[in-house]
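here is a sequence together with a model predicted from it:
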Amino acid sequence: MNIKVIVLLIGFSVFGYSQKKDKPKTVNIKPKTEFVADLIAKMTIEEKIGQLNLPTSGDITTGQANSSDVAKNIEEGKVGGLFNIKSVKKIKEVQKIAVEKSRLKIPLLFGMDVIHGYETTFPIPLGLSSTWDMDLIERSAQIAAQEASADGINWTFSPMVDVSRDPRWGRVSEGSGEDPFLGGKIAEAMVKGYQQEDLSKNNTILSCVKHFALYGASEAGRDYNTVDMSRIRMYNDYFPPYKAAVDAGVGSVMAAFNEVDGIPATGNKWLMTDVLRNQWGFKGFVVTDYTGINEMVDHGMGDLQAVSALAMNAGIEMDMVGEGFLKTLKKSLAEKKVSIEQIDNAVRLILNAKYDLGLFHDPYKYCDENRAKTEVFTKSNRAEARTIATQSLVLLKNKNQLLPLRKSGTIAVIGPLADAKENMAGTWSVATNMQKSISLIAGIREVAGSSAKVLYAKGSNLVYDAAFEERATMFGKTLNRDSRTAAELLEEAVKIANQSDIIVAALGESAELSGESSSRTNLEIPQAQKDLLEALLKTGKPVVLVLFTGRPLVLVQENENVPAILNTWFAGSEAGSAIADVLFGNVNPSGKLTATFPRSVGQVPIYYNQKNTGRPLLNKEGKFEKFRSNYIDERNEPLYHFGYGLSYTNFKYTNLKISNNKVNFDEKIKVSVEVENTGNFNGKEVVQLYIRDLVGSVTRPIKELKGFQKIFIKKGEKTTVTFDIGVEDLKFYNSNLQFVAEPGLFEIFVGTDSNTENKVEFELVK
């Protein structure tokens, strides 16, 4: 054995692993605090700054790892992690550079946008939230972590928990809707699913909550735009889901692009240090969004050196892609614009994460090719994805019980989204295999079986404008634009419709018509599809609208004219089968909206937990009243309320009771209600509890979600649902940003959605 090999093996043993056929032995190393401190003491300033650098994988491909520019930086200790690299083989090649060629052999983090599944893709997050089932949501994240970790990934940039009340913003599709309470529960479930409270296991991955903070409130719904709001609103309406993720132990946080109080979040010390660390006790590390540091230059915060120092002083630990830290921190340190203590602390937090993931024990723990072959896109994972997808679909209308469909006769499936498997996974599905996704037409044919005849016509393109369609079908999610004229497509569709007993119209958005950088000013179904729908309705055949969307849409005309509407979001790799399961009644729909659907884009932002004005509208018929807070040309109320969603059966709420109508701060109230399934199908119902604080030191919302339970009730049966309400459920942030409950009168509402008026009253006393 030559001297070079002996030195290499000694270097491995210092950090707890040794090389043997590319599979280091797992051995005991020092406790984390001591180990990380010892390692930092050995690092040069260049190596420390290198740990704070997170480039994209760039030109690294299999067989080229050693010759890429990124690889050179890794060898020189100038990279702390990589993202957008997929597969065990590629990741193993790159990790070998870090642990065999760099001086200190520090392993890399490997991140990816595993947003709603890996290769097995689940509904988009807005769809997942519509299940109102925390166990299913946690399970979806657990499966995503299992598959991603099997393929070499150990860090995901998820969950996105930005509260959004403006559907013009395309990234509403990536979040959990408009409510902070529900958003907090989902944030907790997602973090638990990814991390499972034990990052040392090889089937868990580090979670990253994003985007901290307020990104979902960008002005005019335009992506990356300015955010400006009061701090009392931040704490009451927008911060809770981020805090819930921190309380759940999330390992990392991503800074938002927008400004907060006039300072970009990436350079905002109040946000990153005072709130996140000092108030909430966050112990992990903060990473920027893509080039977030560099973009502060355009915000007007200074040159690259200035904004990089601003980010470091604010509490940012890792720089994604921009290399502002890599290029300027050493100079800023020499000029005393940042301190070595700040740099060391950032390095410590990143090394802590690598230690917790077990990478110092075994840098190749995520590089098991057998796992990659047997645990990704498995039959069982796909089956669970199909089940979860069925729970996310929201039945918006079902006149005369047109649904469920019969598995007989002739069914026409018409529309540009009918045979569009590439779009079923929706936006931010970077690891999915689009070719293996199930289209709606394929799912209907599978579930209907041989007893029904299924015909198909495209009917129209997504939009009339070819350039617009190209922007809306990026990243390989083509709709294979048809070169025929609109008249020819329409003629074929009407001919097919006239041969059928019922029409399933597959219309709405394409996968990339919502998502990042997909803001819209028009929230209606594109005109080409509206014209198709009108023609189908004129045939006189019953029409079921299967709506694909990543955001709330304006559906006034559709709601007035179409007898049945099933909102399917983008339901994932098993979408077609799951939608067909619901259409044919194999599964009774139970999804509920987590974002309000407006009647007009002019109502936006719109949300259920609004506050009263001093001149609220007095009538409930939507009639205009002069000198009241209303529109002269539109009703105030939305088309579909938060929490709304129909079933094939009916649920009746009776006997709402509370255990005591006067309670003190140490007591809890037991709320009970009887729910009866009065229809002809077994079904699931989301029982929702809302509270109104009638008098406060600051104005309070007209209702706030404070509890929910998803229950199953057989037809003809009745069950009693109970909730325990305590003082913590009554607290809010007052004008001094103190989290308090105030004595006084409260109303409790329990029902099927936020529009329920089924209520009882109690008093909180000291």
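Alright, I've got the coordinates.

can we go C-alpha only for contacts and neighbour counts from here?
Fine.

how far away is residue 47 from residue 327?
Separation of residue 47 from residue 327 (Cα to Cα, to the nearest Å) stands at 13 Å.

and what of residue 643?
Residue 643 sits 49 Å away from residue 327, taking Cα to Cα as the criterion.

mind listing what the closest residue to residue 447 other than its chain neighbours touches?
Excluding its sequence neighbours, the residue lying closest to residue 447 (Cα to Cα, 6 or more residues apart in numbering) is residue 580, at 6.2 Å. For residue 580, the contact set (Cα atoms under 8 Å, 6 or more residues apart in numbering) comprises 440, 443, 444, 447, 448.

please identify which of those is nearest to residue 492.
When the contacts of residue 580 are compared for distance to residue 492, the smallest value, 19.1 Å, is given by residue 440; criterion: Cα to Cα.

let me see the contact set for the closest residue in space to the closest one that isn't next to it in sequence.
Once its chain neighbours are removed from consideration, residue 440 has its nearest residue in residue 576; the separation is 3.9 Å (Cα to Cα, 6+ apart). With contacts defined as Cα under 8 Å, 6+ apart, residue 576 is in contact with 424, 438, 439, 440, 441, 442, 443, 444.

pretty sure residue 567 contacts residue 548?
Yes: counting by Cα atoms under 8 Å, residue 567 touches residue 548, with 6.5 Å between them.

nearest to residue 331 among the contacts of residue 580?
The shortest distance between residue 331 and any of these, using Cα to Cα, involves residue 440 and amounts to 57.2 Å.

checking residue 529 next. Helix, strand or coil?
Secondary structure state of residue 529, per DSSP: H, G, I helix; E, B strand; the rest coil, is helix.

show the pLDDT at it.
According to the model's per-residue confidence, residue 529 sits at a pLDDT of 98.

next one: phi and psi at residue 237?
Taking degrees, to the nearest 10, you get phi -110, psi -30 for the backbone angles of residue 237.

from the contacts of residue 580, pick the one nearest residue 691.
Of all those, the one with the least separation from residue 691 (Cα to Cα) is residue 440, at 40.0 Å.

quick one: residues contacting that closest one.
Going by Cα under 8 Å, 6+ apart, residue 440 touches 417, 418, 419, 420, 421, 575, 576, 577, 579, 580.

and the contacts of the helix or strand harbouring residue 708?
Taking DSSP states H and E as the definition, one finds residue 708 inside strand 704-713. Counting by Cα under 8 Å, 6+ apart, strand 704-713 makes contact with 132-133, 179, 181-182, 609, 676-677, 682-692, 719, 723, 729, all of which sit outside it.

what pairs with that strand, parallel or antiparallel?
According to DSSP bridges, strand 704-713 forms sheet pairs with strand 683-693 (antiparallel).

nearest residue to residue 237 other than its sequence neighbours?
Skipping the residues right next to it in sequence, residue 237 comes nearest to residue 180 by Cα to Cα, 6+ apart, at 5.7 Å.

touching, the one you found and residue 243? I think so.
No: with contact taken as Cα under 8 Å, residue 180 and residue 243 are classed as non-touching, separated by 10.3 Å.

show me which of these two is the more surrounded one.
Under the neighbour definition other Cα atoms under 10 Å, residue 180 and residue 243 were set side by side, and residue 180 has more, 26 against 23.

closest to residue 702 out of the contacts of residue 580?
Nearest to residue 702, judged by Cα to Cα, of those is residue 440 at 40.1 Å.

can you give me the helices for the stretch 251-400 of the chain?
269, 292-299, 304-314, 324-334, 340-356, 369-374, 379-392 (DSSP state H, counting those that start in this stretch).

for these, give me JSON lines that also has mean neighbour count and distance to residue 629.
What follows is these, written out as JSON lines (neighbours: other Cα atoms under 10 Å; distance: least, Cα to Cα, whole Å):
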{"stretch": "helix 269", "mean neighbour count": "20", "distance to residue 629": "38"}
{"stretch": "helix 292-299", "mean neighbour count": "21", "distance to residue 629": "36"}
{"stretch": "helix 304-314", "mean neighbour count": "23", "distance to residue 629": "41"}
{"stretch": "helix 324-334", "mean neighbour count": "19", "distance to residue 629": "49"}
{"stretch": "helix 340-356", "mean neighbour count": "20", "distance to residue 629": "50"}
{"stretch": "helix 369-374", "mean neighbour count": "15", "distance to residue 629": "58"}
{"stretch": "helix 379-392", "mean neighbour count": "22", "distance to residue 629": "35"}
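
want to try TSV for those, with mean pLDDT as columns?
Converted to TSV, the helices of the stretch 251-400 of the chain look like this (pLDDT from 0 to 100):
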stretch	mean pLDDT
helix 269	98
helix 292-299	98
helix 304-314	98
helix 324-334	98
helix 340-356	98
helix 369-374	96
helix 379-392	98
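
can you give me the end-to-end distance of stretch 672-692?
Across its full length, stretch 672-692 reaches 17 Å end to end, with Cα to Cα as the criterion.

correction: stretch 507-519
End-to-end span of stretch 507-519 (Cα to Cα): 19 Å.

and that stretch, what's buried?
Going by neighbour count (16 or more other Cα atoms under 10 Å), the buried part of stretch 507-519 is 507, 508, 509, 510, 511, 512, 513, 514, 515, 516, 518, 519.

show me which pair in those residues is furthest apart.
Greatest spatial distance among these (Cα to Cα): 507 and 516, at 21.1 Å.

okay, residue 95: pLDDT?
97.

that one and residue 723, how far apart?
Where residue 723 is concerned, residue 95 sits at a distance of 50 Å (Cα to Cα).

which of these two has more neighbours?
Comparing residue 95 with residue 723 by other Cα under 10 Å, the one with more neighbours is residue 95, at 25 against 18.

could you pull out the strands for the stretch 51-200 of the chain?
53-54, 81-83, 109-112, 155-156 (DSSP state E, counting those that start in this stretch).

that older thread, make JSON lines out of the buried residues of stretch 507-519 and add distance to residue 627.
Compiled in JSON lines, those are given as follows (distance: Cα to Cα, whole Å):
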{"residue": "507", "distance to residue 627": "40"}
{"residue": "508", "distance to residue 627": "38"}
{"residue": "509", "distance to residue 627": "38"}
{"residue": "510", "distance to residue 627": "42"}
{"residue": "511", "distance to residue 627": "43"}
{"residue": "512", "distance to residue 627": "42"}
{"residue": "513", "distance to residue 627": "39"}
{"residue": "514", "distance to residue 627": "37"}
{"residue": "515", "distance to residue 627": "39"}
{"residue": "516", "distance to residue 627": "39"}
{"residue": "518", "distance to residue 627": "37"}
{"residue": "519", "distance to residue 627": "33"}
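
return the member of those nearest to residue 303.
Proximity of those to residue 303 was ranked by Cα to Cα; the top entry is residue 516 with 26.5 Å.

need the helices for the stretch 1-150 of the chain, in chain order.
Shown for the stretch 1-150 of the chain, the helices assigned by DSSP H, counting those that start in this stretch span residues 3-14, 32-42, 45-51, 69-75, 88-100, 125-129, 134-150.

other SSEs contacting the third one?
In other words, helix 45-51. The criterion is 3 or more Cα pairs under 8 Å, 6 or more residues apart in numbering; DSSP states H and E, and the helices and strands that helix 45-51 contacts are helix 324-334, helix 340-356.

that helix: how far from the chain's middle?
Here the centre of helix 45-51 is set off from its chain's centre by 33 Å, with Cα atoms, centre = their mean, to the nearest Å.

so what touches that helix?
Against helix 45-51 from outside (Cα under 8 Å, 6+ apart): 40, 76-81, 318, 325-326, 329-330, 343-344, 347, 350.
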